[in-house]
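Asker: Following is a predicted model, sequence given first.
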There are 2 protein chains.
Amino acid sequence: MAITIKDVAKKAGVATSTVSRTIQDHSSISEKTKKKVRLIMKELGYQPNLAARGLVNQNTQTIGIVLPVSDGLVFQNPFFLEMIRGISKTCNEKKYMVAIASGTTEEELLESIRMMAKGGRADGFIVLYSKKEDQVIDYLYQEKLNYAIIGKPYQHENEILYVDNDNQLAGKDATNYVIGLNHQKIAYICNDMDEMVTAERLSGYQQALTAANIAIDPTYVIAEAFKGTEYKQRLAALFLAEEHPTAVVASDDIVAMSLSNFLKDIGLSVPNDVSIISFNNSIFAEMIQPALTSIDVHIDYLSSQVVEKLVEFIEGRQTIAMKVILPHKIIERDSCKSRTE
Amino acid sequence: MAITIKDVAKKAGVATSTVSRTIQDHSSISEKTKKKVRLIMKELGYQPNLAARGLVNQNTQTIGIVLPVSDGLVFQNPFFLEMIRGISKTCNEKKYMVAIASGTTEEELLESIRMMAKGGRADGFIVLYSKKEDQVIDYLYQEKLNYAIIGKPYQHENEILYVDNDNQLAGKDATNYVIGLNHQKIAYICNDMDEMVTAERLSGYQQALTAANIAIDPTYVIAEAFKGTEYKQRLAALFLAEEHPTAVVASDDIVAMSLSNFLKDIGLSVPNDVSIISFNNSIFAEMIQPALTSIDVHIDYLSSQVVEKLVEFIEGRQTIAMKVILPHKIIERDSCKSRTE
DNA sequence: CTGAAAGCGCTTACAG
DNA sequence: CTGAAAGCGCTTACAG
């Protein structure tokens, strides 16, 4: 069917091994025959069969991206698309291909990963999330597969390759930012406390409050799926009160956006009545009005670094589970206002 | 390394061919030995090597998703993530894997596809966009590869498998919707006229106006990259005029969102001064205020159908290039208002 | 510097 | 109903 190494060899009048070696630019082959063989390859439009090569090399030159189990809305988060994009870009440079593992349930996702791993379809995986009691992450760990996590692992932190921001510090910085604007009544609102990022940012929030001698009020922390009715009720209870929070640290732009709409609906103005600071600096941050002050997490570096490190690992150039922590940066827009009173 | 068919064969006391046949549930193998072999497979945790199987079957059981060349913002469009997700879901059901082809330039993307196609890494491709003079689509066509397009092809329409909405009709329906609300001054605003969807929707817009005896005013059609300054200038010229449009058909939710913000900035209210109807019914439509009336294009069916049809094609169960056209549906929210005057 | 041969993990005629 | 053998398209010791 397609043109193979044999066809090239025959036409060039050499052995297949010679063709193979010129593909790899082996030093043992003379420049002269290399040149000849390369010419024929171009003429014939030869493209090596990666499956065959993988079979003998026991590798696949592909990296699997593990998406979180979808629960609808969260999945529309542009963060994942940007990560896919960034990973893809770096993989292209390194001549790796990228595959996607996803599932509607954890079982389905796991099955998909098992197939890719054991079926020889991926050399390693990049998990785009980190959460508590996740079967997939456990599986990857137990099977000692090559993988890296975006975000801090819940367990075995010292044995796992991961790339992350210092989300605790980021949470602290976000909180300090509004404290610096004279806010004292500061809430923390997030979507799912099982996610590591969310929990870390919360922890930073708490640290900042404590350091500023502001009492931590548990009713000021809301961690519910942000589409639920319970969520709306708790929000209402919080913001319809006379003494409502004047600032909110939102765990990401989507939460911030939804909150911003909610506040408008109940007649509160952002930033006049309530300031909002959030994370990720996604397209949402710019698109919404008022534009969100948001902490940029450098998705481009997150994605390129995770590929770099994972590939080093896969290719055996590195055997130690490093962590790469990237800096963050507050992007000031219009959703925060100094409180003077 | 990993456990192979040989290990299973030895332990079960049969030939490798017998193991292979029980994997495929061949009718020629007795239930008794099948049972025995299956037991051993489970015991050993055997997982077939897909690369080896692909090598002999000359297939890969994977489908490549082709993402458009990124130009920043557009790439944050949740449409693509939802498509990836949907395709992935259907592929899982069919035991196909999904790979991603993307690139920063058309050349890079093409190289990535060539590698996957000729390198035996994908049996077919799903192109998530359709635009004018696209090298990638041309390449797929010339090489007679298996592929399907989301959206109407620019060329060879009758020879290409594709899944789409009737975007012309959708454009007409959107326009008629605002005409039905007594609007006469209706603009059409889009991002990139080279995209087929955009062009089709425009054409439907024009048909609807003509049918309603409304003159088509070329200054009412803006097709610029929506981040450019030229875009802002044209928008300003259009909406700062006394006789500005009272309704806009926006080519998608992102355009609508950006427009909505622009209008607020210059002091026009949506929907009181200007009604907006858009397409895709993405997360943006719900998130923005006022929530957008948007045309749902059934991304879930778009993605499942394209996989169904492409797989039929790949597996030779279908050889005719069908088109599947899915219905659309107006989701009414708060961005359109009847004009009474 | 180059080639013949074995082998990666499968599948599939071909025998029996 | 089952097995021995060839072969998918590569790579890599091993000879020479």
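Answerer: Everything's here; your move.
Asker: give me the number of residues near A:Glu308?
Answerer: By other Cβ atoms under 10 Å in any protein chain shown, 18 other residues sit near A:Glu308. C-beta here means a position set from N, CA and C on the backbone, and glycine is covered the same way.
Asker: So for stretch A:68-80, first residue to last residue, what's the gap.
Answerer: The first residue of stretch A:68-80 is 9 Å away from its last residue (Cα to Cα, to the nearest Å).
Asker: Also stretch A:124-143?
Answerer: For stretch A:124-143, the separation between the terminal residues is 12 Å (Cα to Cα).
Asker: How far away from the center of its chain is that stretch?
Answerer: Distance of stretch A:124-143 from its chain centroid, counting by Cα atoms, centre = their mean, to the nearest Å, is 13 Å.
Asker: what does stretch A:298-313 give?
Answerer: 10 Å.
Asker: in that stretch, what counts as buried?
Answerer: A:298-311, A:313 (16 or more other Cβ atoms under 10 Å in any protein chain shown).
Asker: Now for A:Ala9, how many residues are close by?
Answerer: 18.
Asker: Is there any residue in the helix or strand where it lies that contacts DNA strand C?
Answerer: For A:Ala9, the host element (DSSP states H and E) is helix A:5-12. No - against DNA strand C, helix A:5-12 shows no contacts by Cβ under 7 Å from any atom of the strand, the least distance being 7.6 Å.
Asker: Mind giving me the packing neighbours of the next helix or strand after that helix?
Answerer: Towards the C-terminus, the helix or strand next in line after helix A:5-12, according to DSSP H and E, is helix A:16-23. Using 3 or more Cβ pairs under 8 Å, 6 or more residues apart in numbering or on different chains; DSSP states H and E, the elements in contact with helix A:16-23 are helix A:5-12, helix A:31-44.
Asker: Out of the buried residues of stretch A:298-313, which is nearest to B:Arg201?
Answerer: When those are compared for distance to B:Arg201 (Cβ to Cβ), A:Ile299 wins out at 30.8 Å.
Asker: so who does that closest one touch?
Answerer: A:79, A:82-83, A:86, A:280 (Cβ atoms under 8 Å, 6 or more residues apart in numbering or on different chains).
Asker: Need the max-distance pair from these.
Answerer: Taking Cβ to Cβ, no two of those sit farther apart than A:Gly86 and A:Asn280, at 13.6 Å.
Asker: For the two, indicate the residue with more neighbours.
Answerer: Taking neighbours as other Cβ under 10 Å, A:Gly86 and A:Asn280 compare with A:Asn280 leading, 26 against 22.
Asker: how deep is whichever residue of the stretch 201-341 of chain A sits closest to DNA strand D tucked in, by neighbour count?
Answerer: In the stretch 201-341 of chain A, the residue that lies nearest DNA strand D is A:Glu315 (12.5 Å; Cβ to the nearest atom of the strand). Neighbour count of A:Glu315, defined by other Cβ under 10 Å: 13.
Asker: Give me the phi and psi for it.
Answerer: phi -90, psi 10 (degrees, to the nearest 10).
Asker: and it, what pLDDT?
Answerer: Note on A:Glu315: pLDDT of 90.
Asker: what's the answer for A:Asn167, then?
Answerer: The score at A:Asn167 is 97. That number is its pLDDT.
Asker: now the helices: where do they sit in the stretch 1-150 of chain A?
Answerer: All helices of the stretch 1-150 of chain A, identified by DSSP state H, counting those that start in this stretch, fall at A:5-12, A:16-23, A:31-44, A:50-57, A:78-93, A:106-118, A:135-142.
Asker: what's the angle between the last one and helix A:106-118?
Answerer: So that's helix A:135-142. On the basis of axes from the mean of the first three to the mean of the last three Cα atoms, to 10 degrees, helix A:135-142 is oriented at 30 degrees to helix A:106-118.
Asker: Would you mark the buried spots in helix A:135-142?
Answerer: Neighbour-count burial for helix A:135-142, counted by 16+ other Cβ under 10 Å, picks out A:136-137, A:139-140.
Asker: now the second one
Answerer: Neighbour-count burial for helix A:16-23, with 16+ other Cβ under 10 Å as criterion, is recorded at A:18-23.
Asker: orientation of that helix relative to helix A:5-12 in degrees?
Answerer: Using the same axes, to 10 degrees: helix A:16-23 against helix A:5-12 is 100 degrees.
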